[in-house]
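**Student:** Attaching a predicted model along with its sequence, questions to come.
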Amino acid sequence: MRNFVWRIAPIFLLTVRQFSGGKAVRAVLGLALVPTLFAAVYRVNPDVNRPRRFLDDSILQVLLPTILPLAALVLATATFGDEIEDRTLPYLVLKPVSRLKIVFEKMMASVIVSTPIIALGVLISWFLVFMRDSRDNTDMLWATLASVVVGVVLYTCVFQLLSLLIRRAILASIVYSLVWETVLGRFIPGLRYLSIRQVVTSVYTSVLDDRRLGTNNAFSTGGALIGAVVVCVIAIALSTWRLNKLNIE
């Protein structure tokens, strides 16, 4: 199996090796476990709120707008950021591999590594909150996991592009996540249609199909998925273009 993966996706496998056991993975794990701290505190005094309402608040106010983009950017910005800092990018692009394949395989490596880690934090949090009646609340688990997968893919594509465009990609990614989406999105309603956060939130509420959450979705389920595909295609195309430009500079 390993030899097969190496033959069809060597850059993917090399990037996964680069991430495994490194500081970036530990940082993602630390961020992914932040919601479990909230869940553990709730477990101490569960009478303060209903379990579903507490988990909704944690997901919509903490996980999706803050933890998810921060966890995704750690690996996404490192896919090419580390290559640029170590000056090994020329050796990579000189290989007889298309630039599109390089971009796609690195993006998939970041997604494959970060998604299970973030999902683990979601699973532990969900179990702590619904320790006694978990079977009746699996819908919230699936809704959260679906939104996490969509969010990781979208943020990875965008942040990987930023790592090729801007030297301080981590800072730019944080500004995008915390200022553009979180702060400005609250005061400028039109930004909802240019926000990954709104796509991810729309996926969560649509899969959960719970209108009592009081969130104003910018997209329907179909619209959110179409928007996700469009964002990914544009980001991958621009990353490929930028990588070609870097090769001749």
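**Tutor:** Done, it's in.
**Student:** now the helices for this protein?
**Tutor:** In the chain, the segments counted as helices under DSSP state H are 2-8, 10-19, 23-32, 34-44, 51-58, 68-86, 89-93, 99-129, 138-165, 169-175, 185-187, 196-208, 221-248.
**Student:** avg pLDDT for the last one?
**Tutor:** The reference is to helix 221-248. Looking at helix 221-248 alone, the average pLDDT works out to 82.
**Student:** mind showing which ranges of the protein have poor pLDDT?
**Tutor:** Across the chain, the ranges flagged by pLDDT under 70 are 1-8, 86, 133-135, 182-194, 210-219, 221, 247-249.
**Student:** before we move on, back to that, export the helices of the chain to a markdown table and tack on mean neighbour count?
**Tutor:** (Each C-beta comes from the backbone N, C-alpha and C, glycine too.) Written out in a markdown table, the entries for these read as follows (neighbours: other Cβ atoms under 10 Å):
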| stretch | mean neighbour count |
| --- | --- |
| helix 2-8 | 9 |
| helix 10-19 | 18 |
| helix 23-32 | 18 |
| helix 34-44 | 16 |
| helix 51-58 | 19 |
| helix 68-86 | 23 |
| helix 89-93 | 14 |
| helix 99-129 | 21 |
| helix 138-165 | 22 |
| helix 169-175 | 17 |
| helix 185-187 | 12 |
| helix 196-208 | 24 |
| helix 221-248 | 16 |
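**Student:** From residue 46, how far out is the residue nearest the centre of the chain?
**Tutor:** For the chain, the residue lying nearest the average C-alpha position, counting by Cα atoms, centre = their mean, turns out to be residue 152 (2.2 Å). As judged by Cβ to Cβ, to the nearest Å, residue 152 and residue 46 stand 30 Å apart.
**Student:** cool, residue 77 as well?
**Tutor:** 38 Å.
**Student:** OK, contacts around the residue lying closest to residue 29 once chain neighbours are set aside?
**Tutor:** Here the nearest residue to residue 29 in space, its sequence neighbours aside, is residue 117; by Cβ to Cβ, 6 or more residues apart in numbering that works out to 5.4 Å. Neighbouring residues of residue 117 by Cβ atoms under 8 Å, 6 or more residues apart in numbering: 25, 28-29, 32, 71.
**Student:** Kindly report the same for residue 40.
**Tutor:** Residues in contact with residue 40, defined by Cβ under 8 Å, 6+ apart, are residue 128.
**Student:** Distance of it relative to residue 146?
**Tutor:** Relative to residue 146, residue 40 is positioned 24 Å away (Cβ to Cβ).
**Student:** can you check residue 34 too?
**Tutor:** In this structure, residue 34 and residue 146 are 20 Å apart, going by Cβ to Cβ.
**Student:** What of residue 17?
**Tutor:** Counting by Cβ to Cβ, the gap from residue 17 to residue 146 is 29 Å.
**Student:** Distance to residue 203 added to the contacts of residue 117, as CSV?
**Tutor:** Written out in CSV, the entries for the contacts of residue 117 read as follows (distance: Cβ to Cβ, whole Å):
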residue, distance to residue 203
25, 25
28, 21
29, 24
32, 19
71, 17
